[in-house]
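> got a predicted model here, sequence first, then my questions.
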Amino acid sequence: MKIIFILMSYLIGAIPTGYLLVKMTTRKDIRQVGSGSTGSTNVLRYGGWGMAVPVLILDLFKGFLPVFLAIKWLADPRLAWLALAAAVVGHCYPVYIKFKGGKGVATALGGFLYFSPQAFILVVIIIVLMIALFRYVSLATLTGLLVYPLLLACFQHDSLSAAASFLIFLLIASRHRNNIKRLFRGEERKFGEKLNG
C-alpha cells in the first residue's frame, strides 16, 4: 500500500503543468526556451503572469495533496515526507515528458505548507524580500528552502522532519546547479526579465 501511494505521489508530481499550459495556449514547448524548466519562473519569463500564476498554484497543489492524504487518510507523517519527496522527484523528472521537468520549488513548498503553515509563511516572506532586494529568483528560493528545516526544528522540535526537508532542499539545489554557477559568474537572469522568442 505504501509503495503504491509513493508511486501515485510521483505520478501526481510528474504532471507537467507548465509544459501543458504553454503547449495548449501557444503550441510552444517551454523546455525549448529560457532555462528549459517547466516551472512557473520560466513560464513567467516566457508567457507572463497570466500563464505563470496557474502553473504556480497547480505545482503547489501537487506537493500539498500527497502530504494531506498521507496524514489525513493514512495518519502516517513519515509516509507523507516520502510522498512529498516522490512528488518533487516527479516534478523534476516527469515520466510523461521524457523526464525533463522543472526544479521542484513550488511542489516542495506545497508540501511544506501542510507540514508547517507558520514556517511556510516565513519562508515565503524571505523569498519575496530577497527577490525585492537582489532580484534573483534562484537565490531567493534556495535560501528560503534552506531556512525551512531550521524553522521546522524550532516550531515543531522534530529532527526527523527537519532532516527530511533538508534532503528535499538538497535535491532541489542539485537541480539549480547551473543557476548557482551563473550566480557566481554574474550571469543569472534577474526577476522580471523577459525571454526572447
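That came in fine, so what should we check first?
> so where's the protein shaky on pLDDT?
Across the chain, the stretches falling below the confidence threshold (pLDDT under 70) are 194-197.
> can you rerun that using 90?
1-2, 33-35, 45, 73, 155-160, 187, 189-197 (pLDDT under 90).
> so for it, the centremost residue is which one?
residue 105 (1.9 Å; C-alpha atoms, centre = their mean).
> ok, that residue to residue 41 distance?
8 Å (C-beta to C-beta, to the nearest Å). All C-beta spots, glycine's among them, are computed from the backbone N, C-alpha and C.
> what of residue 178?
For residue 178, the distance to residue 41 - C-beta to C-beta - is 13 Å.
> the more surrounded of these two?
residue 41 (24 against 13; other C-beta atoms under 10 Å).
> am I right that that one is in contact with residue 136?
No - at 10.6 Å, residue 41 and residue 136 do not qualify as touching, with contact defined as C-beta atoms under 8 Å.
> ok, the residue nearest to the centre of the chain - contacts?
Contacts for residue 105 (C-beta atoms under 8 Å, 6 or more residues apart in numbering) come out as 39, 141, 145, 172.
> going through those residues, which ones are buried?
For the contacts of residue 105, a burial check counting by 16 or more other C-beta atoms under 10 Å picks out 39, 141, 145, 172.
> please identify which pair of the contacts of residue 105 lies farthest apart.
Among the contacts of residue 105, the pair separated by the greatest distance (C-beta to C-beta) is 39 and 145, at 13.5 Å.
> what about the helices in the protein?
2-13, 17-26, 40-47, 49-72, 77-92, 105-115, 117-134, 137-156, 159-175, 177-185 (DSSP state H).
> what's the most buried one of these?
Across the helices of the chain, averaging neighbours per residue (mean count of other C-beta atoms under 10 Å) puts helix 105-115 on top, at a mean of 26.
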